[in-house]
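Undergrad: Here is my input, please return the structure:
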Amino acid sequence: MFAEADGDALVGRTVAQLKFTQEQFDVLPLHFDKATLQKIHDVGWSNVLPGYALYPENFALKVVPFLAAAIVYHYREGHLQALLPQDHPIFTRPIIRNIELYEMLKDKVILTHEHCSDSHMHASGVPAVIATRRMVDALTKSVGTLRDKVVQDAVLRSNELKELLDRQPNMVCDALQARFRIDGSIPFTLQDVREIITQSFRETRDANSEINAKITALQQSLDCDRIRNPTDPSRRSSNSTRQGSIAFLWPGSSKFHNVPHGFRFPSDSVGAIWDLWFEGNQRFQIGPYMHISPQIDLVRQSCRVNFARAKRVVEKILSIAEDKKIIGAKSMVNRTNHHEVFDAVFPSLVSLVYQDAVPRRPSDLNMNTVSNRMQTQGATKRQKTTLK
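TA: Numbers count the residues shown, from 1 in each chain. Coordinates of the predicted model:
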């Protein structure tokens, strides 16, 4: 257990008898929000818990607020009454005995998991499997809700169709009667009868088509095929831009990342970074580097700098390709055509950046070097413009 990050916290949660396989494993301590703590401060902690002034300072500041929240919560839920005799001293404390104070606090206790936005507490020592399980449970609940909606909608549409079919004979009769008068009939042929019946069936068919279209739309939103067999390769989209990539869970984190823990954004040649930008690194199952989020996926500042430089050069190549009408729009470049675009544009980029001093081996030019040179040229142009 101690081998992982926050291993001591993991042991603490286990010793506290939190169920490892259940959602409660990442529960946070019972606590009050900041506004409620301010109200208690105004009342005076000594009026809430007698002897507060005698507590050690660190205990009073860091432990007592959680203790007060726990007492209020477990009294409200009846746990204290079930465990302790009626004459236990805790029931004589103002926090329970003072009805006005108790009523002020009883609904203010915060019971939450993983993270609290008010106190900024974050559960540590929680294995990634717990966060994954919560996400799976949420997905299961969402799919169940959507399934129930589909069933209800299908029943509703079926009833509407049945009602429409039940009305059809009357619709035909009404249409026929409209052709007759009390004193006789207007000119009326067998073809007229056929047209009336055909029109009636056409209206029913149109209504049925609308119902089927709605049901099909709901089925597509469920993506039923993928839910039934998500591992079947034949059901994977061939147009996926992240083929062969997976999401990564870092130790001590409940967020999914585009890169594994400890990943470093590389400093390599322009061509190599360009390939990674659109293809990713299949060996490590990392998707196209264009999807990397510097704030979420890159911990080191040097990696964020490398990413920013790579993005600057990639954007420049795409702009040149767009200006030369090689592509209609930047978004048109993908993993299937990026080689052709690069080969057509890279010589222009080198000439633009290095002008008359083109290196002997442009293919070895480092992405960071090219980016820095572009940045310097941009600063020089801005200075000249300012002087003018």
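Undergrad: okay, CA-based contacts and neighbour counts for the rest of this
TA: Noted.
Undergrad: What part of this structure, helix or strand, is modelled with the least confidence?
TA: Each helix and strand of the chain was given a mean pLDDT (mean pLDDT, DSSP states H and E); the minimum falls on helix 224-228 at a mean of 38.
Undergrad: low-confidence ranges in the stretch 51-200 of the chain?
TA: Applying pLDDT under 70 to the stretch 51-200 of the chain flags residues 125-131, 168, 172-173, 175-194, 196-200.
Undergrad: can you map out the strands along it?
TA: With strands called from DSSP state E, counting those that start in this stretch, the stretch 51-200 of the chain shows them at 109-110, 180-181, 184-185.
Undergrad: Just give me the longest helix of this structure.
TA: The longest helix of the chain (DSSP state H) is helix 128-177.
Undergrad: which strands and helices sit next to it?
TA: Contact partners of helix 128-177 among helices and strands, from 3 or more Cα pairs under 8 Å, 6 or more residues apart in numbering; DSSP states H and E: helix 190-222.
Undergrad: tell me the domain boundaries of this protein?
TA: Domain segmentation of the chain under automatic domain parsing yields 7-127, 130-228, 248-387.
Undergrad: Columns mean neighbour count on top of those domains, output as CSV?
TA: Below are the domains of the chain laid out as CSV (neighbours: other Cα atoms under 10 Å):
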stretch, mean neighbour count
domain 7-127, 15
domain 130-228, 13
domain 248-387, 16
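Undergrad: Residue ranges in the stretch 201-350 of the chain under the pLDDT threshold?
TA: Using pLDDT under 70, the flagged stretches of the stretch 201-350 of the chain are 201-245.
Undergrad: mind listing the strands for it?
TA: Going by DSSP E, counting those that start in this stretch, the stretch 201-350 of the chain shows strands at 248-249, 256-257.
Undergrad: now the ones you listed in TSV, with distance to Val353?
TA: TSV is the format used below for the strands of the stretch 201-350 of the chain (distance: least, Cα to Cα, whole Å):
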stretch	distance to Val353
strand 248-249	37
strand 256-257	34
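Undergrad: can you tell me which of these comes nearest to Val109?
TA: strand 256-257 (29.9 Å; Cα to Cα).
Undergrad: Please name every helix or strand in contact with that closest one.
TA: Against strand 256-257 (3+ Cα pairs under 8 Å, 6+ apart) you get strand 248-249.
Undergrad: Neighbouring strands - and their directions - for the strand it packs on?
TA: strand 256-257 (antiparallel) (DSSP bridges).
Undergrad: Against Leu18, how distant is the closest residue to Pro29 other than its chain neighbours?
TA: Closest residue in space to Pro29, ignoring its immediate chain neighbours: Phe66 at 6.9 Å, by Cα to Cα, 6 or more residues apart in numbering. As judged by Cα to Cα, to the nearest Å, Phe66 and Leu18 stand 18 Å apart.
Undergrad: From Lys255, how far off is the residue nearest to Pro29?
TA: Taken as Cα to Cα, the span from Phe66 to Lys255 is 27 Å.
Undergrad: tell me how far the longest helix of the chain is from the chain's mean position?
TA: 27 Å (Cα atoms, centre = their mean, to the nearest Å).
Undergrad: Please apply the same query to stretch 336-353.
TA: 35 Å.
Undergrad: contacts for it?
TA: 271, 275, 278, 316-317, 320-321, 326-327, 333, 358, 362, 370, 373-374, 377 (Cα atoms under 8 Å, 6 or more residues apart in numbering).
Undergrad: got the CA positions of it in PDB?
TA: Once non-C-alpha atoms are left out, stretch 336-353 reads as follows in PDB (Å, rounded to 0.1, in the frame of the first residue of the first chain):
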ATOM      1  CA  THR A 336      -4.200  10.500 -43.500                       C
ATOM      2  CA  ASN A 337      -2.900  13.500 -45.400                       C
ATOM      3  CA  HIS A 338      -0.500  15.300 -43.000                       C
ATOM      4  CA  HIS A 339       2.600  13.900 -44.700                       C
ATOM      5  CA  GLU A 340       1.700  15.300 -48.100                       C
ATOM      6  CA  VAL A 341       1.000  18.700 -46.500                       C
ATOM      7  CA  PHE A 342       4.200  18.800 -44.600                       C
ATOM      8  CA  ASP A 343       6.400  17.800 -47.600                       C
ATOM      9  CA  ALA A 344       4.700  20.500 -49.700                       C
ATOM     10  CA  VAL A 345       5.000  23.300 -47.200                       C
ATOM     11  CA  PHE A 346       8.200  22.600 -45.100                       C
ATOM     12  CA  PRO A 347      10.700  24.000 -47.600                       C
ATOM     13  CA  SER A 348       8.700  27.200 -47.700                       C
ATOM     14  CA  LEU A 349       8.800  27.400 -43.900                       C
ATOM     15  CA  VAL A 350      12.600  26.900 -43.900                       C
ATOM     16  CA  SER A 351      13.100  29.600 -46.500                       C
ATOM     17  CA  LEU A 352      10.800  32.000 -44.600                       C
ATOM     18  CA  VAL A 353      12.500  31.500 -41.200                       C
END
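Undergrad: related to what we said a few turns ago, could you single out the nearest of the contacts of stretch 336-353 to Asp166?
TA: Val333 (56.0 Å).
Undergrad: Just list the residues touching the closest one, thanks.
TA: 327, 341.
Undergrad: I'd like to know how far it sits from Pro266.
TA: From Val333 to Pro266 the distance is 22 Å (Cα to Cα).
Undergrad: thought Ser27 was touching His113?
TA: For the record, residue 27 is Val, not Ser. Yes - the criterion here is Cα atoms under 8 Å, and Val27 meets it with His113 at 4.3 Å.
Undergrad: Cheers, nothing more for now.
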